[in-house]
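Asker: A structural model of the following input is requested.
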Amino acid sequence: MDKDYLLKITINLYRLTILFPKKEPLRYKIREVGDRILANGLTILMGKEHQSRKVILDFKHDLEIINAYLELSQSQNWVSPFDVLEIQKEYANIKRATEGLAVPEVKTRFQKGGELDSFRPENKESIVQKPEAEFLEPGKRTRHQKIIEILREKDKIQVGELKTIFSNVSKRTLRRDFEYLSNKGIVERLGEKSTTFYRLKS
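Answerer: A predicted model of the protein is given here:
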């Protein structure tokens, strides 16, 4: 991954989405995520001294989100599926190239007599948790948080769309996740049967 490659893929993304219907929200959602990937990717390329936990986590998260958005667009037949596939391959290349990118641990440094005495990791959960995290089910907290982040990006979503992101999780499990989050007052259900959507509760 380098600066020129990031710029090239972002330009290609804009060229692809210009063919989407003008008032289609997905057109602007995809561009927004693509812009964030570009910005965070450039920050990462600047060197370790400029990296932060949030930048790397956001970068990796956005690579998952853009792939899901592109999957959705492919099913709409606005553009050639081969063109969408090419963009997906380019983002997949970026994902592979950055898989080994370590997320810095948040640590506090203590010194004694001018020498390093110890490193004390901060409570990572307290740093990355959102206000609603205390209500999330232990053991499933990470997936629940990711669902909430996706809803912040997408406004509303169906179980089938979410399955493209959590490919190794069954639709039944995802429905149970939504039911749990709904019971906790975090999300709300809209519609019935095949037209059921979920969104964050206002």
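Asker: centroid residue for the chain?
Answerer: For the chain, the residue lying nearest the average C-alpha position, counting by Cα atoms, centre = their mean, turns out to be residue 61 (3.0 Å).
Asker: contacting residues around it?
Answerer: Listed by Cβ atoms under 8 Å, 6 or more residues apart in numbering, the contact partners of residue 61 are 146, 149. To be clear about C-beta, it is placed using only N, CA and C from the backbone, and glycine gets the same treatment.
Asker: centre of the chain versus the helix or strand containing it, how much separation?
Answerer: Residue 61 is located in helix 53-74, with elements delineated by DSSP states H and E. With Cα atoms, centre = their mean, to the nearest Å as the basis, the distance from the averaged C-alpha position of helix 53-74 to the chain average is 4 Å.
Asker: Buried residues, it. List them.
Answerer: Buried positions in helix 53-74, judged by neighbour count with 16 or more other Cβ atoms under 10 Å: 55-56, 58-70, 72-74.
Asker: Give me the buried positions along the helix or strand following that helix.
Answerer: The C-terminal neighbour of helix 53-74 among helices and strands, as given by DSSP H and E, is helix 81-97. Taking 16+ other Cβ under 10 Å as the neighbour-count basis, helix 81-97 is seen to contain the buried residues 84, 87, 90, 91, 94, 95.
Asker: Helix 81-97 vs helix 53-74, what angle?
Answerer: 160 degrees (axes from the mean of the first three to the mean of the last three Cα atoms, to 10 degrees).
Asker: what residues does helix 81-97 touch?
Answerer: 1, 5-6, 9, 12-13, 16, 37, 41, 60, 63, 66-67, 70-71, 73-74.
Asker: pLDDT averaged over that helix, what's the number?
Answerer: Per-residue pLDDT values over helix 81-97 give a mean of 90.
Asker: cool, stretch 179-194 as well?
Answerer: Mean predicted lDDT for stretch 179-194 stands at 86.
Asker: Could you do stretch 35-49 as well?
Answerer: On average, the pLDDT along stretch 35-49 is 81.
Asker: all numbers from here: first residue = 9
Answerer: Okay, using 9 as the starting number, the last item reads as stretch 43-57.
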